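Engineer: Pasted the sequence and its predicted model underneath.
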Amino acid sequence: MNNNLIISLKNITKTFKGLDAPVLSNLNLQLNKSENIAISGVSGSGKSTLLHLMAGLDYPNSGSVHLNNKNIGSLSQNDLSIIRNQLIGFIYQSHHLLNDFSSIENVMMPLTIRRGNYLEDFNQAKKVLKKLGLGKRLNHFPHQLSGGERQRVAIARAMVTTPDLILADEPTGNLDHKNADLIFDSFLELADEFKTAIVLVTHDLSLAKKMKKNYLLASGKLKSN
């Protein structure tokens, strides 16, 4: 057993009704702790589907997904929810912040779900927000923030639990190139500090090149880029 392995996909095939060919076909991938990879591909190639399978938000027609050496297909929804909360952070193109909550309240949410200590959770959220340059925006609500600031809050929320794995789906897709580059560099610095593995899905090749490994998803398979 590889204790350094965070996620493993074995012979994954995923099909959808109405499509002639599988979206993913006999796909294999392994990612160790602290590793980061980028996955690119044309729209409709299955990149988001692949992330959903990694998170246990969907299941393959065949093959298996292992998180920390546990087959997530054999887990109950409750156990899977616990593992997701403990191991995985999610960042999407749209920030998905809760509009009625301040920046720090949004970031604290994953810790609150764990029913932790309020003061400890507050201090951890404050620490992560400050590292992302938002120390003066703790009590601002989403509508009071710029697009770049909202995405930084979303990144902070994903990172606040110091997860083993971040799944990022076009995390800077709504930002201009300059903002995207700055925010992504801050994100990578934080992930390196927390020793967090990253799976990045992106169309932005300049961001993909910042990752240690690059893959192209085409015809249902991953190819080294």
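Structural biologist: That came through fine.
Engineer: Tell me which residues touch Ser103, please.
Structural biologist: Applying Cβ atoms under 8 Å, 6 or more residues apart in numbering, we find Ser103 in contact with 129, 134, 137-142, 145, 153, 156. (Each C-beta comes from the backbone N, C-alpha and C, glycine too.)
Engineer: closest to Arg115 among the residues you listed?
Structural biologist: Using Cβ to Cβ, Ala156 is the member of the contacts of Ser103 that lies nearest Arg115, at 20.2 Å.
Engineer: Switch the contacts of Ser103 over to CSV; also include distance to Ile82.
Structural biologist: Converted to CSV, the contacts of Ser103 look like this (distance: Cβ to Cβ, whole Å):
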residue, distance to Ile82
Leu129, 25
Leu134, 29
Arg137, 31
Leu138, 28
Asn139, 31
His140, 31
Phe141, 30
Pro142, 28
Leu145, 31
Val153, 24
Ala156, 22
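Engineer: Which members of the residues you listed occur in strands, if any?
Structural biologist: Among the contacts of Ser103, no member falls in strands (criterion: DSSP state E).
Engineer: Go through those residues and name the one nearest Leu50.
Structural biologist: For the contacts of Ser103, the nearest to Leu50 is Ala156 (24.9 Å; Cβ to Cβ).
Engineer: And for that closest one, the neighbour number?
Structural biologist: 28 (other Cβ atoms under 10 Å).
Engineer: My guess is it contacts Lys127. True?
Structural biologist: No - taking contacts as Cβ atoms under 8 Å, Ala156 lies outside contact range of Lys127: 9.4 Å.
Engineer: Could you list the low-pLDDT ranges of the chain?
Structural biologist: Within the chain, the ranges that satisfy pLDDT under 70 run 1-2.
Engineer: so who does the most centrally placed residue in it touch?
Structural biologist: When Cα atoms, centre = their mean is applied to the chain, the residue found nearest the centroid is Leu167 (1.9 Å). Contact partners of Leu167, counting by Cβ under 8 Å, 6+ apart, are 51, 54-55, 88-91, 199.
Engineer: Can I get the residues you listed in CSV including neighbour count?
Structural biologist: CSV is the format used below for the contacts of Leu167 (neighbours: other Cβ atoms under 10 Å):
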residue, neighbour count
Leu51, 20
Met54, 21
Ala55, 21
Ile88, 23
Gly89, 26
Phe90, 20
Ile91, 23
Val199, 26
